[in-house]
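Student: Next input, structure requested:
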Amino acid sequence: MKNLNLLLIAIFIIFTCRVDAATTDTKSSTTKKPPNILWIYVEDISPHLGTYGEKLVKTPTLDQLAQKGSKFTNAIAPAPVCSAMRSAMMTGQMHTNLGIQNHHSSRTPESMIQLPEHVKTLPEIMKKKGYFTFNSGKDDYNFEYDRFDLYSGDYKVHPLYGKSGVPIDWNARKNKDQPFFGQIQLKGGKHIFNRNMKDKVLYPIDREKVELPPYYPSDPVVVNEWARYLESLQITDREVASILKRLKDDGELENTVVFFFADHGMRFLRHKQFLYEGGLKVPFIAYWQGHENIVQKTVRDEQISLLDISATTLALAGIEKPDYFEGNNLFAQDYQAPKYVISARDRCDFTIDRIRSVRSEKYKYIKNFYPERSGMQPSYRDYWQLTKVTKELYKQGKLNEVQAQHFQPQRPVEELYNLEKDPHEIVNLATDPAYHSVLLEHRKVLEDWIKTSGDQGQFPEDEAALKLMLGIWGDLAINPEYDELRKKYPNLSGSQFPLKNAKFKRVNDKNHSDN
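Tutor: Numbers count the residues shown, from 1 in each chain. Down below sits the predicted model:
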């Protein structure tokens, strides 16, 4: 009898262990299933959504997404222009490290910039680890790459604007169980360039209620442009709603991490292409349905770099971060916000400049390496009515001191702003004795970073890239860097302008379904 009892106990233990093992295996396989990761990547917008306090816009989808997920209130871009910013995000590091910081680089065979052999882009890393990768919309990367190494799907290519993916989504993958890393590009603030935008506006913004930043004149043209920008955000909100519905209808939402963010700030003067908050500070919302233990339901006010998004994408996919990735996993228990976030702007199209900024939680330090060049030196935006009107107001002396700052023929070498007291960055404290120690602190951070990172902006850009800018933009390219090119190539200036308006050419991916 005693032996029988021992036998029964042994059988029970074995059976229990097998059940426990099976349960453990099931849990393990569930938790180890790689999540899908989707970037909803928006052009040219700042944090003017309802959830960020903008009262005039109706953005219910994004407001709700922010309530359910993690909303970041101080997300800072490494660059204030698309190609430099996107190049940084793809390589996981500052664009200045690799010499890919000049806007619209690598657009001709002679000007191609090769990435170091060891530097693999984010989609290449994801693809190697079994992810289906796609980018529906613009790439705009400043380095040479075979797009099929990064993404599946057909794409279009333009001599100036680079490569752009033909619309595609997760349904293009052959194996529906394969995880995907996708990017969907939205026009955002660039909707205003669409002639049919007015037909998409469901809730017109009341122009009488628009409140402009103090550095803009209250001119009807400026007010109207700002209102149209706010209306573009409402269109963006509906587009996001459509994407989320498709994810849900396809049964993908629950296992998809959604990142909503912008490439840089809105397109207004002093914002895009400049290192003030209007050019660098963007909305960023992360959401993962049913996984609040990882992507928490919270508002995070610490400053972060958008390079953290690239690092976080790898971490959520369970992929080890390469040494050259500078960001960190935002949802790691030991995540620490950077004390300083550095951003950089160099040549933007034909306008040559060099600006660096160091942002701490309380202060912003800006170094202008070409202070003799106005913030309003010639640029592609000179065609805009917004630019023409504000320039004319400046010439007529109708801008006040604050509004005229950006139009002055020269800029200070250094700028320092108290972001808590002066969020619009109007009062330059760089020469204020009371802030001298703060100035020295931030100045040293930048100087050390330039040395340790090998900031490539210290060196002149190769003439091959500048030739394209001079060839397209002609007499608008007034910087002295173009003088030698004009002597060397007397027939070049303006001779390639038709390239700007060239049509995109389609390139077919015959093997994308085999990814």
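
Student: Tell me where the stretch 201-350 of the chain has strands.
Tutor: Using DSSP state E, counting those that start in this stretch, the strands found in the stretch 201-350 of the chain span residues 256-262, 281-287, 298-300, 304-305, 341-345.

Student: Export those to JSON lines and append columns for distance to residue 65.
Tutor: For glycine as for every other residue, the C-beta is placed from the backbone atoms N, C-alpha and C. Listed next are the strands of the stretch 201-350 of the chain as JSON lines, based on distance: least, CB to CB, whole Å:
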{"stretch": "strand 256-262", "distance to residue 65": "7"}
{"stretch": "strand 281-287", "distance to residue 65": "5"}
{"stretch": "strand 298-300", "distance to residue 65": "13"}
{"stretch": "strand 304-305", "distance to residue 65": "18"}
{"stretch": "strand 341-345", "distance to residue 65": "24"}
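
Student: For this structure, give me the ranges with low pLDDT.
Tutor: Applying pLDDT under 70 to the chain picks out residues 1-32, 511-515.

Student: Next up, the contacts around residue 310.
Tutor: Residues near residue 310 by CB atoms under 8 Å, 6 or more residues apart in numbering: 89, 90, 92, 122, 325, 327.

Student: now the first one, nearest residue through space, not along the chain?
Tutor: In other words, residue 89. In this structure, residue 89 finds its nearest non-sequential neighbour in residue 310, 5.4 Å apart by CB to CB, 6 or more residues apart in numbering.

Student: What is the end-to-end distance of stretch 450-462?
Tutor: In stretch 450-462, first residue to last residue: 20 Å (CA to CA, to the nearest Å).

Student: How about that stretch, which residues are buried there?
Tutor: Neighbour counts over stretch 450-462 (16 or more other CB atoms under 10 Å) mark 450, 455, 456, 457, 461 as buried.

Student: Could you do stretch 63-83 as well?
Tutor: Neighbour-count burial for stretch 63-83 [16+ other CB under 10 Å]: 63-66, 69-83.

Student: Narrow those to those in helices?
Tutor: Judged by DSSP state H, these include 63, 64, 65, 66, 82, 83 as members of helices.

Student: For the nearest residue to the fourth one once chain neighbours are set aside, give its distance to residue 226.
Tutor: Closest residue in space to residue 66, ignoring its immediate chain neighbours: residue 51 at 4.1 Å, by CB to CB, 6+ apart. Note on residue 51: its distance to residue 226, by CB to CB, to the nearest Å, is 19 Å.

Student: and if you look at residue 219?
Tutor: As judged by CB to CB, residue 219 and residue 226 stand 10 Å apart.

Student: more crowded one of the two?
Tutor: Between residue 219 and residue 226, counted using other CB atoms under 10 Å, the more crowded position is residue 226 (22 against 17).

Student: Distance-wise, check the more buried one relative to residue 237.
Tutor: Residue 226 sits 17 Å away from residue 237, taking CB to CB as the criterion.

Student: Residue 150 too?
Tutor: As judged by CB to CB, residue 150 and residue 237 stand 29 Å apart.

Student: so where do the strands sit in the stretch 401-515 of the chain?
Tutor: Going by DSSP E, counting those that start in this stretch, the stretch 401-515 of the chain shows strands at 414-418, 505-507.

Student: is it fair to say the residue nearest to residue 66 lies in a helix?
Tutor: Yes - Residue 51: assigned to a helix according to DSSP: H, G, I helix; E, B strand; the rest coil.

Student: The chain should start at 28 in everything you say after this.
Tutor: Renumbered: residue one is now 28, and that last one reads residue 78.

Student: Give me the number of neighbouring residues for it.
Tutor: 20.

Student: Could you double-check that it lies in contact with residue 94?
Tutor: Yes - because the distance of 7.4 Å satisfies CB atoms under 8 Å, residue 78 is recorded as touching residue 94.

Student: Show the contacting residues for the closest residue to residue 312 other than its chain neighbours.
Tutor: Excluding the flanking residues, the one nearest residue 312 by CB to CB, 6+ apart is residue 287, at 4.6 Å. By CB under 8 Å, 6+ apart, the contact list for residue 287 reads 67, 69, 89, 92, 267, 310, 311, 312, 313, 314.

Student: for residue 370, same thing?
Tutor: Contacts for residue 370 were tallied using CB under 8 Å, 6+ apart; they are 103, 104, 105, 106, 107, 302, 307, 383, 384, 386.

Student: Same list (these) but as CSV, adding distance to residue 345.
Tutor: Listed next are those as CSV, based on distance: CB to CB, whole Å:
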residue, distance to residue 345
103, 27
104, 27
105, 25
106, 29
107, 33
302, 35
307, 31
383, 35
384, 34
386, 31
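
Student: Looking at those, which is nearest residue 428?
Tutor: Residue 428 lies nearest to residue 302 out of the contacts of residue 370, by CB to CB, at 21.2 Å.

Student: Distance check, that closest one against residue 169.
Tutor: As judged by CB to CB, residue 302 and residue 169 stand 18 Å apart.

Student: Over to residue 331?
Tutor: The gap separating residue 331 from residue 169 is 23 Å, by CB to CB.

Student: neighbour count winner among these two?
Tutor: Of the pair residue 331 and residue 169, residue 169 is the one with more neighbours under other CB under 10 Å, namely 27 against 22.

Student: residues in contact with the more buried one?
Tutor: 110, 111, 114, 122, 127, 128, 129, 130, 131, 132, 133, 140.

Student: next one: residue 168
Tutor: 110, 113, 114, 117, 127, 133, 189, 190.

Student: ok, the last one touching residue 174?
Tutor: Yes - Residue 190 is within contact range of residue 174, at 5.4 Å (criterion: CB under 8 Å).

Student: Report the set of residues contacting both of the two.
Tutor: 166, 182.

Student: where do the helices sit along the stretch 278-427 of the chain?
Tutor: Along the stretch 278-427 of the chain, counting by DSSP state H, counting those that start in this stretch, helices occupy 304-307, 334-343, 412-422.

Student: Between those helices, which one is closest to residue 83.
Tutor: With CB to CB as the criterion, residue 83 lies closest to helix 304-307 of the helices of the stretch 278-427 of the chain, at 17.3 Å.

Student: which residues are contacting that closest one?
Tutor: By CB under 8 Å, 6+ apart, the surrounding residues in contact with helix 304-307 are 73, 103-104, 107, 240, 291-293, 295, 297-300, 370, 372, 384, 386, 391, 446, 450-452.

Student: switch the cut-off to 7 Å
Tutor: 73, 103-104, 107, 291-293, 295, 297-300, 370, 450, 452 (CB atoms under 7 Å, 6 or more residues apart in numbering).

Student: Test my guess that residue 420 contacts residue 426.
Tutor: Yes - at 5.3 Å, residue 420 counts as touching residue 426 under the criterion of CB atoms under 7 Å.

Student: Now list whatever residues contact both of the two.
Tutor: Common neighbours of residue 420 and residue 426, using CB under 7 Å, 6+ apart, are residue 244.

Student: Show the contacting residues for residue 533.
Tutor: In this structure, residue 533 makes contact with 181, 183, judged by CB under 7 Å, 6+ apart.

Student: ok, it to residue 161 distance?
Tutor: In terms of CB to CB, residue 533 sits 16 Å off from residue 161.

Student: Also residue 266?
Tutor: 17 Å.

Student: next one: residue 504
Tutor: Residue 504 is 36 Å from residue 161, by CB to CB.

Student: which residue ranges form the strands in the stretch 28-177 of the chain?
Tutor: Secondary structure of the stretch 28-177 of the chain (DSSP E, counting those that start in this stretch): strands at 63-69, 97-103, 159-163.
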